[in-house]
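Novice: dropping the sequence and predicted coords here.
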Amino acid sequence: MKRKINISFWVVTVLAVVLTMSFASVVFYDLFQNQVTADLKTYAHVLRVANETVDEALLSEQAEVDHLRVTIVDLDGTVQFDTNADIGGMTNHGQRPEISEAMLYGEGSAVRTSETMAKSTFYYAVRMGDGRVIRVAKEAQSFLAIVGNVAPFVLLVTAVLMVICGTLGSMLTRNIVTPIQEMAKHINDPEPVRVYQELEPFVETIREQHKDILKNARMRQEFTANVSHELKTPLTSISGYAEIIESGMAKEREVTRFAGEIHRNAKRLLTLINDTIRLSELDASEEAGASREDNFERVDLYQVAANCVQSLQINAEKREVSLLVEGDRCFVQGSPMMLEEVVYNLCDNAIRYNNPGGYVQVKVLINKDGVVLSVKDNGIGIPKEHQDRIFERFYRVDKSRSKVTGGTGLGLAIVKHIVTQHSGVLNVESEVGRGTEIRAVFPVDVG
Ligand code: ADP
């Protein structure tokens, strides 16, 4: 960054110096040119008046002192007198721009640059009373020569400015970078490091992200610990019963019971593993930012609920619970498989946490909030203080009842995940001893 800032500074410096110097040179040279021409004009006018009285020897002497060249040209362009040259070898001057101009309009001027481009000669000519033309000339440095003279100074200024910019650049980079480095060092401090105003939104975002990362890491750690713990219980049972059978200590009729226990625990293990894998998949798809809408389609939620209720009928009958579905075709954008998981988990809970003779009522309808999926039972209910937490992983109100009925504590966490991925919201209404209603509201797919 420091290098980039320095380079930018240097480029700006060189540009600024070169442009300023170029413009200044052009403007000053123009002024200089005007001044030389104005001086020559004055000389020429003075000489025009004095010419008749001043003798040529005196004129030559004075011209030399003033570094001037004076030429007098006759009406036909022949050079009559020149302070610097032998008139014998001089060509006809009638066509020189300043002279022909003076002959025509009374006065004329011109600037001619030498072949080496180092010098420029300024000419000013005026017509005298008798028609002859008197011309005054002065040699001065050309524009290029002036630029050449200025160049070392420009280089010096550029060098000084570059050093100043380099120092400024390092100071600026230090000022910008130090708060960022400080922030990186103290990212975990509760008291945020003070940074300049422009950096505050960036710092805030980084701190939030950092907090999220830590929170996620902690949650994952807890989840892993919970999973290991949950897997341990059925595995210990399986291993225990198998050991007794293996040692031959179990009586014949006990063997069947122990095998049953092994079977039940193995099934439980499988359910646990399946639910854990499912949650990891949901987490991964969310983290990968996989655009959910990509795999979503128009789904009739009522149809999904009706199919699911049908497949759960046997479970309900086993527990002497009646399971009903009512409603109408309601369309949402989603994955039919995931929505079926939602209905399945909600109905499965409503059956398991119910009493013999109870009912489970599944309703799908549209209201002002969207498409509502409601699963209502008149089972054991959930105490108020637990209602907020039942969607957490492995959270169970009554651990033993959950386990006995084949629960893993992950069902509602999966439900919550899927409903959120479908832009839906969940709410619970429940009273101990009277029953529970869990509602998921999804946006309507207007088709
Ligand atoms: P589990 O596999 O233990 O059923 P869930 O995540 O599905 O786990 O539910 C979490 C807890 O919420 C359950 O252990 C249970 O205590 C409570 N719960 C869920 N649904 C109901 C319901 N319909 N009636 C009473 N309690 C419920």
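Specialist: Perfect, thanks for sending it. Numbers count the residues shown, from 1 in each chain.
Novice: what about the strands in the stretch 1-150 of the chain?
Specialist: 68-73, 79-82, 107-113, 119-127, 133-141 (DSSP state E, counting those that start in this stretch).
Novice: contacts for the third one?
Specialist: Just to be clear, that refers to strand 107-113. 33, 37, 40-41, 44, 96-102, 119-127, 142 (Cβ atoms under 8 Å, 6 or more residues apart in numbering). Yep, even glycine has a C-beta here, placed from its N, CA and C like the rest.
Novice: try 6 Å
Specialist: Around strand 107-113, the neighbours that count as contacts under Cβ atoms under 6 Å, 6 or more residues apart in numbering are 37, 97-98, 101-102, 120-126, 142.
Novice: list only buried entries from those.
Specialist: Buried members of these, scored by 16 or more other Cβ atoms under 10 Å, are 37, 98, 101-102, 120, 122-126, 142.
Novice: state the pair within these that is farthest apart.
Specialist: Val126 and Ser142 (24.7 Å; Cβ to Cβ).
Novice: count of neighbours near the residue in the stretch 1-150 of the chain positioned nearest to the ligand?
Specialist: Closest residue of the stretch 1-150 of the chain to the ligand, Cβ to the nearest ligand atom: Met1 (50.6 Å). Neighbourhood size, Met1 [other Cβ atoms under 10 Å]: 11.
Novice: okay, it: pLDDT?
Specialist: If you check Met1, the pLDDT there is 71.
Novice: tell me the contacts of it?
Specialist: Contacts of Met1 (Cβ under 6 Å, 6+ apart): Thr173.
Novice: can you do 10 Å?
Specialist: 169, 172-173, 176-177, 180 (Cβ atoms under 10 Å, 6 or more residues apart in numbering).
Novice: turn the buried ones among the residues you listed into a named ChimeraX selection, would you?
Specialist: Buried subset of the contacts of Met1, written as a ChimeraX selection, criterion 16+ other Cβ under 10 Å:
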select :169,172,173,176,180
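Novice: and the contacts of Met1, which is closest to the ligand?
Specialist: For the contacts of Met1, the nearest to the ligand is Ile180 (43.7 Å; Cβ to the nearest ligand atom).
Novice: hmm, that closest one is touching Val193, no?
Specialist: Yes: contact criterion Cβ atoms under 10 Å: Ile180 and Val193 qualify, at 9.4 Å.
Novice: tabulate the buried ones among the contacts of strand 107-113 (JSON lines), appending pLDDT.
Specialist: Converted to JSON lines, these look like this (pLDDT from 0 to 100):
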{"residue": "Thr37", "pLDDT": "88"}
{"residue": "Glu98", "pLDDT": "93"}
{"residue": "Glu101", "pLDDT": "93"}
{"residue": "Ala102", "pLDDT": "93"}
{"residue": "Ser120", "pLDDT": "86"}
{"residue": "Phe122", "pLDDT": "92"}
{"residue": "Tyr123", "pLDDT": "93"}
{"residue": "Tyr124", "pLDDT": "94"}
{"residue": "Ala125", "pLDDT": "93"}
{"residue": "Val126", "pLDDT": "93"}
{"residue": "Ser142", "pLDDT": "78"}
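Novice: still on that earlier bit, could I get the strands of the stretch 1-150 of the chain as a markdown table with distance to Ile213?
Specialist: Formatted as a markdown table, the strands of the stretch 1-150 of the chain follow (distance: least, Cβ to Cβ, whole Å):
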| stretch | distance to Ile213 |
| --- | --- |
| strand 68-73 | 86 |
| strand 79-82 | 93 |
| strand 107-113 | 73 |
| strand 119-127 | 73 |
| strand 133-141 | 71 |
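Novice: could you dump those strands to JSON lines with distance to the ligand?
Specialist: Output for the strands of the stretch 1-150 of the chain, formatted as JSON lines (distance: least, Cβ to the nearest ligand atom, whole Å):
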{"stretch": "strand 68-73", "distance to the ligand": "109"}
{"stretch": "strand 79-82", "distance to the ligand": "116"}
{"stretch": "strand 107-113", "distance to the ligand": "96"}
{"stretch": "strand 119-127", "distance to the ligand": "96"}
{"stretch": "strand 133-141", "distance to the ligand": "94"}
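Novice: so which of those strands gets nearest Ala24?
Specialist: Within these, the stretch nearest Ala24 is strand 133-141; the backing value is 15.8 Å (Cβ to Cβ).
Novice: what's the angle from that closest one to strand 119-127?
Specialist: Here strand 133-141 points in a direction 160 degrees away from that of strand 119-127 (axes from the mean of the first three to the mean of the last three Cα atoms, to 10 degrees).
Novice: give me the sheet partners of strand 133-141 and which way each runs.
Specialist: Using DSSP bridges, the strands paired with strand 133-141 are strand 68-73 (antiparallel), strand 119-127 (antiparallel).
Novice: so which pair among the contacts of strand 107-113 is furthest apart in space?
Specialist: Every pair of those checked by Cβ to Cβ; the farthest is Val126 and Ser142, at 24.7 Å.
Novice: low-confidence stretches in the protein?
Specialist: Low-confidence segments of the chain (pLDDT under 70): 2, 51-55, 116-117, 289-294.
Novice: for it, just list every one of the helices.
Specialist: For the chain, applying DSSP state H gives helices covering 2-50, 56-65, 97-105, 143-185, 200-247, 252-287, 292-295, 301-318, 336-352, 384-387, 399-404, 411-421.
Novice: which strands and helices sit next to the last one?
Specialist: So the one you mean is helix 411-421. helix 252-287, strand 331-334, helix 336-352, strand 425-431, strand 435-442 (3 or more Cβ pairs under 10 Å, 6 or more residues apart in numbering; DSSP states H and E).
Novice: buried residues, that helix. List them.
Specialist: In helix 411-421, counting by 16+ other Cβ under 10 Å, buried: 411-419, 421.
Novice: of these, closest to Leu155?
Specialist: Distances from Leu155 to the buried residues of helix 411-421, taken by Cβ to Cβ, are shortest for Gln421, at 66.6 Å.
Novice: I'd guessed that closest one sits against Ser285; true?
Specialist: Yes: with contacts counted by Cβ under 10 Å, Gln421 reaches Ser285, the gap being 7.8 Å.
Novice: for Arg401, give me its contacts.
Specialist: Here Arg401 is in contact with 352-353, 380, 407 (Cβ under 10 Å, 6+ apart).
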